[in-house]
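Colleague: Give me the fold of what follows.
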Amino acid sequence: MRKIFLHPWFQLALSILCVTASELFLKRGVMAAPRLGQAWNWTGVSGLASPLVWAGIAFVIISFVSWLYVLRFIPLTIAFPLSQFVHVLIPLCSWLVLHEKISLVRGSGILLVVAGICVVAQPVARLEEKL
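Modeller: Residues are numbered from 1 along each chain as shown. Okay, the predicted model is just below:
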């Protein structure tokens, strides 16, 4: 289990999932947070009163630590484009969990991101042999 947990590809997936979870928690948290005075609403600082926001912040920290680990083993030219899978997961999870709409244009953009990730992922098999 430890070997799988410390594998760079697992850590990359963990980082992507943590970013996705953090965004969902942050969104839910700020929507449920109490409103402060009119002068402070624009800052979003009232969201800090929500435990969901703090959960989102924890996921950001976990993602950051995981990302630093990934950068030790996977070239940035591959890791960063693959990490952009969050641009697919966040809208899909927002649709599933938050019941937000995905327009046709946005859906097309998501498909383009998936196509780009597929192009970038082609050399990953060769890299995997070196890890």
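
Colleague: which residue ranges form the helices in the protein?
Modeller: Applying DSSP state H to the chain gives helices spanning 2-5, 8-32, 51-73, 76-83, 86-97, 104-121, 124-130.

Colleague: Give the residue spans of this protein that score low on pLDDT.
Modeller: Residue ranges of the chain with pLDDT under 70: 36-43, 124-131.

Colleague: Geometric centre of it: which residue is closest?
Modeller: Nearest to the geometric centre of the chain sits Val19, at 2.6 Å (Cα atoms, centre = their mean).

Colleague: Out of the helices of the chain, which is the most enclosed?
Modeller: helix 8-32 (a mean of 19; mean count of other Cβ atoms under 10 Å). (Each C-beta comes from the backbone N, C-alpha and C, glycine too.)

Colleague: Around Glu85, count how many other residues there are.
Modeller: No, residue 85 isn't Glu; it's Phe. Neighbourhood size, Phe85 [other Cβ atoms under 10 Å]: 19.

Colleague: what's the spatially closest residue to it that is not a sequence neighbour in contact with, if anything?
Modeller: Closest residue in space to Phe85, ignoring its immediate chain neighbours: Ile16 at 5.3 Å, by Cβ to Cβ, 6 or more residues apart in numbering. Contacts for Ile16 were tallied using Cβ atoms under 8 Å, 6 or more residues apart in numbering; they are 63, 82-83, 85-86, 89.

Colleague: Could you identify the most distant pair in those residues?
Modeller: Ser63 and Leu82 (13.9 Å; Cβ to Cβ).

Colleague: Gly44 is nearest to which of the helices of the chain?
Modeller: helix 8-32 (6.0 Å).

Colleague: any idea of the angle the closest one forms with helix 86-97?
Modeller: Angle of helix 8-32 versus helix 86-97, following axes from the mean of the first three to the mean of the last three Cα atoms, to 10 degrees, is 50 degrees.

Colleague: No further questions, thank you.
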